[in-house]
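Asker: Next input, structure requested:
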Amino acid sequence: MNLKLIPLALSLALAPAALAEFTVTLSNVHLCCNSCVKGVDKAAATAAGATAVSDKDAGTVVLTAPDKATAQKAVDALVAAGFFGTSSDPSIKLDGASGAKDGFVESLTVSGVHLCCKNCVEAVNDALAKVPGVKANTAVKNAATFEVTGNFNAKEVFDSLHSELNSNKPTFSPKIFIKDYVPDDYRAPFRTRLQEMKIPLEQFHKDNTDIESKLRRRMYKTKRGAVVTVSEEAASVVEVTDDQVIVNDTVITVG
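Answerer: Next up is the predicted model:
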């Protein structure tokens with residue numbers, strides 16, 4: 001009797017481990033239409049046992065897999081299909097490395113970019129328009145590859161594409177920012193200063209938490225039309241009573 005119960009007890013003990021799943025959320029994924037969502041589903045399904053649930057408006061993809069290795073395979077499949085983003089789990093990598101050299105070329109064949117609709121194509125055009133020396137490209141809807149021509153830096157093309165194809169712009173490329181916004185005479189010292197501050201010139205993901213907390217505002221309006229506006233983090237200096245709004249702080253400027 002006991003001999004028969006041992007295998008049963010053992011199988012019950014192992015059941016939770018066998019049923020355990022691994023879940024990871026990818027944020028800032030370019031999901032501009034339902035075809036993008038279908039593309040994510042199709043790519044994720046190539047990893048046996050993996051499923052994807054996409055939120056087009058939020059730009060997120062929740063991947064569920066039997067284990068971490070399968071989840072990574074699903075993520076690799078998404079990247080290969082032209083989808084990029086930020087992983088909620090640092091151990092799950094979205095490797096979008098193109099292998100392009102940091103040097104000038106006159107033509108470049110690009111593959112692995114998701115082009116299911118005109119919005120995807122427009123995103124590619126916007127990205128390439130920011131790269132100095134790019135004259136033209138052949139990106140069209142549903143193209144598996146396209147050509148970029150001109151006289152341009154190959155690596156900067158992929159930096160710009162990766163930056164543009166993240167829905168909520170979570171990435172920042174100092175190289176592209178310098179080209180787009182910093183006058184020629186100031187570019188060299190600007191790069192030097194970034195290097196001194198140990199800020200990479202290549203594209204990286206931003207942490208907007210601190211910025212967002214400073215941007216959130218709280219507004220107080222009185223019956224006579226006075227308005228007091230403070231950031232959420234400074235709201236503690238404002239005291240509100242039945243008939244007064246008191247700011248417990250020192251006035252620096254008036255204007």
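
Asker: any low-confidence regions in the stretch 101-250 of the chain?
Answerer: The model of the stretch 101-250 of the chain has pLDDT under 70 over residues 166-173, 176, 180, 203-217.

Asker: Could I get the full set of strands for it?
Answerer: Assigned by DSSP state E, counting those that start in this stretch, the stretch 101-250 of the chain shows strands spanning 104-111, 134-137, 145-153, 171-172, 204-205, 217-221, 227-231, 238-240, 245-247.

Asker: Tell me the strands beside the first one, with direction?
Answerer: The strands beside strand 104-111 in its sheet (DSSP bridges) come out as strand 145-153 (antiparallel).

Asker: can you give me the helices for the stretch 101-250 of the chain?
Answerer: Using DSSP state H, counting those that start in this stretch, the helices found in the stretch 101-250 of the chain span residues 118-129, 154-164, 174-181, 184-196, 209-215.

Asker: Among the ones you listed, which comes closest to Phe146?
Answerer: Of all the helices of the stretch 101-250 of the chain, helix 118-129 sits nearest to Phe146, with 7.6 Å by CB to CB. Every residue, glycine included, has its C-beta placed from N, CA and C.

Asker: can the strands of the stretch 101-250 of the chain go into CSV with extra columns for mean neighbour count and distance to Ile92?
Answerer: Below are the strands of the stretch 101-250 of the chain laid out as CSV (neighbours: other CB atoms under 10 Å; distance: least, CB to CB, whole Å):
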stretch, mean neighbour count, distance to Ile92
strand 104-111, 14, 23
strand 134-137, 15, 31
strand 145-153, 17, 27
strand 171-172, 17, 17
strand 204-205, 14, 14
strand 217-221, 11, 36
strand 227-231, 12, 34
strand 238-240, 12, 43
strand 245-247, 13, 47
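
Asker: Take these and lay them out in JSON lines including distance to Asp159.
Answerer: Listed next are these as JSON lines, based on distance: least, CB to CB, whole Å:
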{"stretch": "strand 104-111", "distance to Asp159": "13"}
{"stretch": "strand 134-137", "distance to Asp159": "13"}
{"stretch": "strand 145-153", "distance to Asp159": "9"}
{"stretch": "strand 171-172", "distance to Asp159": "9"}
{"stretch": "strand 204-205", "distance to Asp159": "10"}
{"stretch": "strand 217-221", "distance to Asp159": "34"}
{"stretch": "strand 227-231", "distance to Asp159": "33"}
{"stretch": "strand 238-240", "distance to Asp159": "44"}
{"stretch": "strand 245-247", "distance to Asp159": "45"}
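
Asker: And the ones you listed: which comes nearest Leu165?
Answerer: Among the strands of the stretch 101-250 of the chain, if distance is taken as CB to CB, the winner is strand 171-172, at 9.5 Å.
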